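Participant: With the sequence up front, the predicted model follows.
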Amino acid sequence: MQLRSLLASVVLAACAVPAVASMVWAGVAIDPSLVARAKTDEQFLEQLLDDPPKEHSVYLDKSWHGIHFLLTGSALPSDSIASKVIFGGESIGPDQGYGPAQLLTPSEVKQVAELLSQEPPEKLAARYDPNAMERAKVYPDIIWVREGQQALQYELQFYKQLVRFYQQAARDGKAVIYVVH
C-alpha cells in the first residue's frame, strides 16, 4: 500500500508541475544476478540509471504518463499489470527526484511483455481522447488538446520503443529498473 501512495504522489506531482518543468521516464533491463547489488549499492544503481547500456534501455521522454493513461484509462497507478508498465514494482535506492527507482522482477517483466503484445499501437490510438487526458491532468497536460494527433503520434512513437524493450527483456529473462526523474 505504501508503494501505491508513493506512486500516487508522483502522479499528483506531475499534474502540479509547471509546463516548463520536465519529468522523464527511463528504464534499464538487468540480469537478475545484479538485482541484489542494485538494491544495496547506491553508486551501482546510479550508474545503471545514468549510463545504461543502450541495447538494454529505453527512454520515454515525457510520454510516460500518456502511455499509462492509454493503457489503463486512468492517470493514477493501480495494482493492475497494465499499471506496472509505467508505475509499480519494488522501490529501491534513494529518491531520484520523483521517488525512488522501481524494480520489476523477471516474472513481472514477462507479464508486462505479454500484456503489451495484446495492446498494439492501434488499440491505444483508438482510446486516445485529448479532452479526457486534459481533464485527467495527464502529464504534460497542456499538449493533448493543443497538439491533437501530433501528441498521439508522439505517444505511439515511444510506446513502440517501450514494447520492444519489455519484449526483449522478457526474452532475455531480465529484471527491469525504471525511474521518473
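Facilitator: Looks like it came in fine.
Participant: list the contacts for the spatially closest residue to S63 that is not a sequence neighbour?
Facilitator: Leaving aside its chain neighbours, S63 sits nearest to F158 (3.9 Å; criterion: C-beta to C-beta, 6 or more residues apart in numbering). For the C-beta atoms, the positions are set from N, CA and C on the backbone; glycine is no exception. Neighbour list for F158: L60, D61, S63, W64, I67 [criterion: C-beta atoms under 8 Å, 6 or more residues apart in numbering].
Participant: and the fourth one, what is it in contact with?
Facilitator: Think W64. Residues in contact with W64 (C-beta under 8 Å, 6+ apart) are M23, V24, W25, I86, Y139, F158, V180.
Participant: which of these are buried?
Facilitator: M23, W25, I86, Y139, F158, V180 (16 or more other C-beta atoms under 10 Å).
Participant: Return the set of residues that bridge with the last one.
Facilitator: Counting by DSSP bridges, V180 is bridged to W25.
Participant: Would you mind measuring from it to P100?
Facilitator: For V180, the distance to P100 (C-beta to C-beta, to the nearest Å) stands at 10 Å.
Participant: repeat for the first one
Facilitator: Distance, M23 to P100, by C-beta to C-beta: 15 Å.
Participant: Kindly report the same for the second one.
Facilitator: Note on W25: its distance to P100, by C-beta to C-beta, is 14 Å.
Participant: Which neighbours do those two have in common?
Facilitator: Shared contacts of W25 and P100, defined by C-beta under 8 Å, 6+ apart, comprise V179.
Participant: Which of the helices or strands spans the residue of the chain most remote from its centre?
Facilitator: Ranking residues of the chain by C-alpha distance from their mean position (C-alpha atoms, centre = their mean) puts R146 at the top, at 23.4 Å. According to DSSP states H and E, R146 maps onto helix 144-147.
Participant: May I have that helix as CSV, with CA atoms only?
Facilitator: Extracted in CSV, the C-alpha atoms of helix 144-147 (Å, rounded to 0.1, in the frame of the first residue of the first chain):
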residue,chain,number,x,y,z
TRP,A,144,-3.3,16.9,-25.6
VAL,A,145,-6.0,19.2,-27.0
ARG,A,146,-3.5,21.8,-28.4
GLU,A,147,-1.4,19.2,-30.3
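Participant: Counting neighbours, show which residues of it come out buried.
Facilitator: Buried, per 16+ other C-beta under 10 Å, within helix 144-147: W144.
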